[in-house]
Structures are given as C-alpha cells and as structure tokens.
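Student: pasting a predicted model and its sequence here:
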Amino acid sequence: MTQTPSRHFDLVVIGTGSGNSLIDESFADLSVAICEKGAFGGTCLNVGCIPTKMFVYAADTATAIEHSSTYGIDSTLDGVRWPDIVSRVFDRRIDPIASSGEDYRRNRCDNVTVYDGHATFVGPRTIDTGTGELITADSVVIAAGARPSIPQIVTDADVAYYTSDDVMRIAELPRSMVIQGSGFIACEFAHVFSALGVDVTVIGRSDVLLKNVDRELAARFTENAGRRWDVRLGQQITTMTATGADRRGVEVTFEDGSTCSGDALLVATGRTPNGDLLGLDTAGVAMDGELIRVDEYGRTTAAGVWALGDVSSPYQLKHVANHEQRVLGHNLRHPDDLQPFNHRLVPYAVFTWPQIASVGLTEAEAREAGYDVTVKVQDYGDVAYGWAMEDSVGCCKLIADRATGLLVGAHIMGAHSPSLIQILIQAMEFEITVPELARRQYWIHPAMAEVVENALLGLDFPDRGF
Ligand SMILES: Cc1cc2nc3c(=O)[nH]c(=O)nc-3n(C[C@H](O)[C@H](O)[C@H](O)COP(=O)(O)OP(=O)(O)OC[C@H]3O[C@@H](n4cnc5c(N)ncnc54)[C@H](O)[C@@H]3O)c2cc1C
Ligand SMILES: NC(=O)c1ccc[n+]([C@@H]2O[C@H](COP(=O)([O-])OP(=O)(O)OC[C@H]3O[C@@H](n4cnc5c(N)ncnc54)[C@H](O)[C@@H]3O)[C@@H](O)[C@H]2O)c1
C-alpha cells in the first residue's frame, strides 16, 4: 500500500441496499462512510423486488383481461403502452426514490460521507473507495450484494443479452424472447413479458420450472406454464448463436437437435455474490465458496468487519438482508450483547402466474428428515372463493408432524399466496399446533383464507382434537 489514508471513520458501509438502512439515528454520533458503485438504494429498489412487482402488477392486469370472459365479461386487450409502463415504474417511482435517498445521505446527514466508486480492501479495515481516496475505519460492514451470473455459452456467442439489471428499461417490447434459466427471475419475467404480448420461450436444465419449490406444486406450475410459454426443459444447450445486425436476437440448439429462437435473450441463471471483487484477501476476510464467511452474529473472520445480505447469505432475499441488517445494527452498537441471526424459517414468494409462496420443508425434505408426516393438498377450486374465481390451478399444500401436531412446511400456489402464507409463517414461528390454528380462531367466510383452513382440517392426526 503506497497511498496514505486520507480519513478515518468509525464505520464504513459498502453497498447501499440493506447497508444504507443500517445507518439509522442511533448512529448519529458516529462518523460513517458509505461506498456505492452503482445506483443508490441497491438491487431491491433499483433493479429487483420493487420494480419487478410493479411490472408484474401490469402483467396481472393484462392477464385478468384475457380471462374476463370466464365471468361473462367480454373485454379485449387493446394495447400495451410499454413506454408508459416503464415510465410509471422508473420515472414516477423508482428513480426519484433512489435520487432522494442519495440526496438525503449526501446533503442532510452531517455525519455521513458518500463515496461513489467501486470499493476494494487494500489492507485490514483499509479501503480504496475507487474515487481516489483511501479510508480506514474501526468497523466495516460489507453489504455488497450479488450480480447476474452469465454462462460461458452466452459470452462465447457474443449475444447482446439482457439481464434483470436492464431488461425492464428496454426501449420497446421485442416480438419474442428467449429466457435462459427456470428459477425466480425467469418465471417472474416470463409472466411479465408473455402477458404483455411477447412470445416467450423458457429454457431450463432440470425437468420442472422452479425446481426448489415443493415437487407437487412445481409440477403443477410447469404444466400450467406450458400452456402459455414455450417451455424447454431437461436439456443442455449445445450451440447458441447471435442473430440480427445488433446481435440482440438468438438461436439455440439443444442436444436432441431441437432449436428455438427469439428477438431477445434474457439471461436468468442465478446471481453471483460480489465478495470476489472486494480484495478480501488483503483484509483477512475469508470466503466459503462464493459467500463471505460470517458467524451467527454477522462477524467475518477479520476483527471489526461484518457482512450481511446477498454477499454472505445463501438466501438472496430482501427480507433476509433486512433482518440481518437489523441484527447487525444492534450488534454494532452492543458488542457485549450480540444477537444471532434467525434463519429458522425463511419464507419466499415467486410473483409469477400463478403466484407461489412457501415456508419450511418440502414434502420430500420432511420425509428425508424423518418426520412422521401428514400431508394435505387443498385445491383453491374446492373452496367458495375459488369457485368465484373459477380457479383450476391453485392449491395449498400443508405438511405437518404427527408427533407434535406442528406444521413443518407450507406451500401455496394461486392468487394472493404471498399474503395467505403469512398465517402459516406465523403459526410455524410461534409454534401454534394445527388443531389450535384451525379451530381457536374464526376464519372469515367466504374469504380465500378458507383454502388454508380446509387444508389444516384435512391433515390427519391420530387425536385430531378439531
Ligand atoms: C430481479 C430481481 C427481483 C427480486 N425480487 C425479490 C423479491 O420479490 N423479494 C425478495 O425478497 N427478494 C427479491 N430479490 C432479491 C433481493 O433484491 C436481494 O436479496 C436484496 O436486494 C439483497 O440486498 P443486499 O443489501 O444484500 O444487496 P444489494 O441490494 O444488491 O446492495 C448491494 C449494493 O452494493 C453495491 N456494491 C457492490 N459492490 C460494491 C463495491 N465494491 N463498492 C461499492 N459498492 C458496491 C451495489 O452496487 C449495490 O448497490 C430480487 C432480486 C432480483 C435481481
Ligand atoms: N420473488 C423473489 O423473492 C425473487 C425474485 C427474483 C429473484 N430473487 C432472488 O434472486 C435470486 C436469483 O434469481 P435467479 O432466478 O437468477 O436464480 P435461481 O437460482 O432462482 O434460478 C437460476 C436457474 O438457472 C439455472 N442455471 C444456472 N446456471 C445455468 C446455466 N449455465 N445454464 C442454464 N441454466 C442455468 C439454475 O438451475 C436455476 O434453475 C433468486 O435465487 C432469489 O433468491 C427473488
């Protein structure tokens, strides 16, 4: 290290996603530096959870129009004003929030200094801010997130591909789109673009879409998706070729000789944590594979250096990054009273069509773990609100332990499942038994929550107590 550090801070935070939320008023007496190489506010705000769900809402609206004749309402989708959809999301909502967040930190927090460069460690708690300034700190929080992973076959083909970072801002909708990957991002964007009129092809290596979801729901989802998208599963890509003068188009050949093509390629094959780009070896911060190694309190292997969120967590979910940020906020201020992360029951939801939400073990995981399980799958179509919706796909699958009467897994596919699952998350977190949950409260009739009530009542216990 030849350059001399220009400033010393009490705390440096790398990354302004959940890292920015860490700096609340309880840090007002500390000097804080925030390093951000990209858009202020991180992935969730700028290119992740929030804008995607705003696009999903537009797609859901288009899908409702498509299905309206089922209810005796004839309507047609007369047009999709893509530039207006993009503008609603970014010009009216996201970009102003990001810039006002940055303005707040830069101009209204006397104790905070913002460095807008790519930060790298050059020594223990010594950081090159990427802006020409070297700084040191008593404590460092690494909250540097993750980035899209791009398979070699895509880079070799030199296709001008999109990722979730830029596909929401394209100038116009392509006629057709190939989506490589079959996980969260692939299934959310396949819904968005297909509902808005793009011919979508989804390519996955496994035999179902959303392979980590409970097998029964993943199979139902895949079967249903196949009616709306061209779904190519269980095959390796053998060749990928860029097409068109701008190399935006793509042609793909599979190992069985079949092919597919599109005017655009969206790569959605997972996200690589950014720890590899931080010079961690100079700082004594160890990694486990791609993730920064942290203990249950968020401490890395280097004294005074902490990490949270996608850079150190296998979950890559905003509610997990936010939870870890709250725990670290406490731990930084209370070194003698450290709190552990709680990762016991991490739920998730995929905002595709139909929506899917999940908490706890899949049936296969529960059986493998040795539970004496009772399982019930309750269809949306067999409860009153499901009749109102003419639902033929949705279901609530519950898995409980006969020995304790407690749920070990809950999986819902269908309208509002990301909200419905909250009842079950709560029951599992607070260890409410199935009989208590089913019968010690009223269930509003005829709300969709009756699908959960009926699933609970369908679980088979030796002494049911219902
Ligand atoms: C398309 C998409 C949709 C998603 N939808 C959901 C959802 O619906 N629900 C959900 O729970 N999760 C969702 N996620 C995941 C969620 O966005 C992430 O888990 C969460 O944002 C991670 O927060 P973080 O603070 O760890 O990292 P980030 O928010 O990624 O913040 C890291 C920040 O660090 C900056 N940075 C990185 N390296 C450096 C460096 N060396 N120097 C300076 N700055 C640096 C980055 O520019 C970034 O701003 C989605 C993700 C994507 C991509
Ligand atoms: N609603 C949400 O909570 C939400 C939405 C979007 C993203 N996210 C988060 O972001 C993460 C990243 O999303 P994602 O969809 O990119 O990841 P993912 O892990 O959900 O899915 C990636 C898929 O790509 C496949 N894949 C990997 N390498 C491949 C290759 N070389 N060729 C073909 N397929 C390949 C994987 O088998 C997997 O099915 C998610 O895991 C999730 O944690 C969450």
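Tutor: Looks like it arrived, so ask away. Ligands and ions are numbered 1, 2, ... in the order given.

Student: for Val231, give its distance to Tyr161.
Tutor: Using CB to CB, to the nearest Å, one obtains 20 Å as the distance from Val231 to Tyr161. Using the backbone N, CA and C atoms, a C-beta is placed for each residue, glycine as well.

Student: again, but for Ile237
Tutor: In this structure, Ile237 and Tyr161 are separated by 13 Å, where distance is defined by CB to CB.

Student: more crowded one of the two?
Tutor: With neighbours defined as other CB atoms under 10 Å, Ile237 and Tyr161 compare such that Tyr161 has more, 24 against 18.

Student: against Leu407, how distant is the more buried one?
Tutor: Between Tyr161 and Leu407 the computed distance is 41 Å (CB to CB).

Student: phi first, then psi, for Pro340.
Tutor: For Pro340, the backbone dihedrals are phi -90, psi 160 (criterion: degrees, to the nearest 10).

Student: do a quick rundown of the helices in this protein.
Tutor: Along the chain, counting by DSSP state H, helices occupy 18-22, 42-46, 49-67, 82-89, 95-108, 152-157, 184-195, 215-225, 318-333, 363-368, 384-389, 417-429, 434-439, 450-457.

Student: which stretch among those helices comes nearest ligand 1?
Tutor: In terms of CB to the nearest ligand atom, the element of the helices of the chain nearest to ligand 1 is helix 42-46, at 2.6 Å.

Student: is ligand 1 contacted by the closest one?
Tutor: Yes - counting by CB under 6 Å from any ligand atom, ligand 1 is contacted by helix 42-46 at 42-44.

Student: quick check, nearest of these to ligand 2?
Tutor: Using CB to the nearest ligand atom, Thr43 comes nearest to ligand 2 of the residues of helix 42-46 next to ligand 1, at 8.5 Å.

Student: so which of the residues of helix 42-46 next to ligand 1 is the most crowded?
Tutor: With neighbours set by other CB under 10 Å, the maximum within those is found at Gly42, which has 27 neighbours.

Student: grab the nearest non-local neighbour of that residue.
Tutor: Leaving aside its chain neighbours, Gly42 sits nearest to Gly17 (2.3 Å; criterion: CB to CB, 6 or more residues apart in numbering).

Student: return the residues of the protein in contact with ligand 2.
Tutor: Taking CB under 6 Å from any ligand atom as the criterion, the neighbours of ligand 2 within the chain are 151, 180-186, 188, 204-205, 211, 268-271, 316-317, 348-351.

Student: give me the low-pLDDT residue ranges for this structure?
Tutor: Within the chain, the stretches falling below the threshold (pLDDT under 70) are 1-2, 463-466.

Student: how about the protein: which residue is closest to ligand 2?
Tutor: Proximity of the chain to ligand 2 (CB to the nearest ligand atom) peaks at Gly183, 1.9 Å away.

Student: so who does that residue touch?
Tutor: Residues counted as contacts of Gly183 (CB atoms under 8 Å, 6 or more residues apart in numbering) are 210-212, 268-270.

Student: Val154 now?
Tutor: In this structure, Val154 makes contact with 161, 180, 240, 265, 267, judged by CB under 8 Å, 6+ apart.

Student: try Arg247
Tutor: Applying CB under 8 Å, 6+ apart as the definition, the contact partners of Arg247 turn out to be 158-160.

Student: format those residues as JSON lines; extra columns: distance to Gly370.
Tutor: Shown next, in JSON lines, are the contacts of Arg247 (distance: CB to CB, whole Å):
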{"residue": "Asp158", "distance to Gly370": "50"}
{"residue": "Val159", "distance to Gly370": "47"}
{"residue": "Ala160", "distance to Gly370": "50"}
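
Student: I'd say Thr163 and Pro148 touch.
Tutor: Yes - the pair Thr163 / Pro148 is scored as a contact, 3.9 Å apart, by CB atoms under 8 Å.

Student: who touches both of these two?
Tutor: Shared contacts of Thr163 and Pro148, defined by CB under 8 Å, 6+ apart, comprise 267-268.

Student: measure the residue of the chain closest to ligand 2 to Ser176 for me?
Tutor: Relative to Ser176, Gly183 is positioned 21 Å away (CB to CB).

Student: what do you get for Ala137?
Tutor: Using CB to CB, one gets 50 Å for the distance from Ala137 to Ser176.

Student: same thing with Thr239?
Tutor: 18 Å.

Student: repeat that for Arg299.
Tutor: With CB to CB as the criterion, Arg299 and Ser176 are 49 Å apart.

Student: stretch 168-186 near ligand 1 anywhere?
Tutor: Yes - Stretch 168-186 lies within reach of ligand 1 by CB under 6 Å from any ligand atom, at Ile185.

Student: endpoint to endpoint, that stretch covers what distance?
Tutor: 13 Å (CA to CA, to the nearest Å).

Student: in it, which residues are buried?
Tutor: Under the neighbour-count criterion of 16 or more other CB atoms under 10 Å, stretch 168-186 has 168, 170, 173-174, 176-186 buried.

Student: what number of residues lie near Asp391?
Tutor: For Asp391, the count of nearby residues is 20 (other CB under 10 Å).

Student: what sits against it?
Tutor: The neighbourhood of Asp391, defined by CB under 8 Å, 6+ apart, consists of 379-381, 414-415.
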